[in-house]
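K.L.:
Sequence below, structure please.
(one chain, ligands or ions: 1)
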Amino acid sequence: MIRFDQVNKRYRGSDEILRNVSFEIEAGELVFITGHSGAGKSTLLKLMAGIERPSSGTVLIGNQNISKLRPRMLPYLRRKFGLVFQDHKLLYDRSCFENVALPLYINGITGQEAARRIRAALDKVGLLGKEKAIPITLSGGEQQRLAIARAVVSRPAILIADEPTGNLDEAYASDIMTLFLAFQQVGATVIIATHDAHSIQSIPAKVLHLDHGKLSVS
Ligand SMILES: Nc1ncnc2c1ncn2[C@@H]1O[C@H](COP(=O)(O)OP(=O)(O)OP(=O)(O)O)[C@@H](O)[C@H]1O
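P.N.:
Here you go, the predicted structure:
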């Protein structure tokens, strides 16, 4: 489903961030990406989602080679993904309800069915009471949970989350992890970057560990 073959990545003017990275993720797998700050975890996730392109090597999503994909085809690829990145990318002039509605509307789901799904997603992240609030009035952790609701609402085939529990206290962090695991149990591929290797020790999953851009798999 996702295959990296000898991928190297450097940003304009940067040193090599990922070095000769190869791995494969099957559909329905749970995968953690671990490593120190600056190891390249976010870069790896961005390559998987087609947000960045490799400097060399091949990134395959399904049967599509990201490096060769025309820019206008990217939105179609992105529909497969639910993304939770650290900058949230929320719409700050829209309500929480409207933020979560967006991926559904893009997929043509509107009206009662959309409203039911939006409320269910907000409920799962403990934000049902904030439906009408504007994200700017939410705390950092609440904004993070809103981004998670938006990522799962359209039931994407692949969920990619960058430090999704980083801002959350223990109770919410555990609820969110349970939500992600439940998502994987109904067939989604779930990929989570975390610098907290300790908290995932007891969860059976593939671990991609990055150390200064070098990957090891366990
Ligand atoms: N757009 C960019 N341009 C130049 N350098 C970048 C860019 N994005 C990331 N980097 C650099 O790439 C390296 C890896 O960054 P990345 O965000 O992938 O690491 P990370 O493992 O996710 O770190 P953290 O746990 O601190 O979020 C860092 O040295 C960072 O400064």
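K.L.:
which residues are in contact with the helix or strand F183 falls within?
P.N.:
Using DSSP states H and E, F183 sits in helix 170-185. With C-beta atoms under 8 Å, 6 or more residues apart in numbering as the test, helix 170-185 has contacts from 28-30, 124-126, 141, 145, 148, 152, 159, 161, 164-165, 168, 190, 192, 199, 203. (Glycine included, C-beta is placed from N, CA and C.)
K.L.:
let's see it at 7 Å
P.N.:
Helix 170-185 is contacted by residues 28, 30, 124, 126, 141, 145, 148, 152, 159, 161, 164-165, 168, 190, 192 when judged by C-beta atoms under 7 Å, 6 or more residues apart in numbering.
K.L.:
what's the farthest-apart pair in those residues?
P.N.:
Spatially, the most separated pair among the contacts of helix 170-185 is G28 and G141, at 29.1 Å (C-beta to C-beta).
K.L.:
N8 bridge partners, please.
P.N.:
S56 (DSSP bridges).
K.L.:
That one: neighbour count?
P.N.:
A count of neighbours around N8, defined by other C-beta atoms under 10 Å, yields 15.
K.L.:
Wait, it touches S55, no?
P.N.:
Yes - at 5.0 Å, N8 and S55 qualify as touching, with contact defined as C-beta atoms under 7 Å.
K.L.:
On the three-state scheme, the residue nearest the centre of the chain is what?
P.N.:
In the chain, the residue lying closest to the centroid (C-alpha atoms, centre = their mean) is I160, at 2.1 Å. Assigned with DSSP: H, G, I helix; E, B strand; the rest coil, I160 falls in the strand class.
K.L.:
Quick check: it touching L47?
P.N.:
No - using C-beta under 7 Å, I160 makes no contact with L47, being 10.6 Å away.
K.L.:
anything in contact with each of these two?
P.N.:
If you check I160 and L47 against C-beta under 7 Å, 6+ apart, no residue is contacted by both.
K.L.:
Up against the ligand, what does the chain have?
P.N.:
Within the chain, the positions adjacent to the ligand are Y11, S14, I17, G35, S37, G38, A39, G40, K41, S42, T43, H195 by C-beta under 6 Å from any ligand atom.
K.L.:
Those residues in strands, which ones?
P.N.:
I17, G35 (DSSP state E).
K.L.:
Let me have the residues of the chain next to the ligand in JSON lines, extended by distance to C96 and pLDDT.
P.N.:
Shown next, in JSON lines, are those (distance: C-beta to C-beta, whole Å; pLDDT from 0 to 100):
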{"residue": "Y11", "distance to C96": "33", "pLDDT": "97"}
{"residue": "S14", "distance to C96": "36", "pLDDT": "93"}
{"residue": "I17", "distance to C96": "34", "pLDDT": "97"}
{"residue": "G35", "distance to C96": "32", "pLDDT": "94"}
{"residue": "S37", "distance to C96": "30", "pLDDT": "92"}
{"residue": "G38", "distance to C96": "32", "pLDDT": "93"}
{"residue": "A39", "distance to C96": "33", "pLDDT": "95"}
{"residue": "G40", "distance to C96": "32", "pLDDT": "96"}
{"residue": "K41", "distance to C96": "28", "pLDDT": "96"}
{"residue": "S42", "distance to C96": "25", "pLDDT": "96"}
{"residue": "T43", "distance to C96": "30", "pLDDT": "97"}
{"residue": "H195", "distance to C96": "28", "pLDDT": "83"}
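K.L.:
Kind regards, and thank you for your time.
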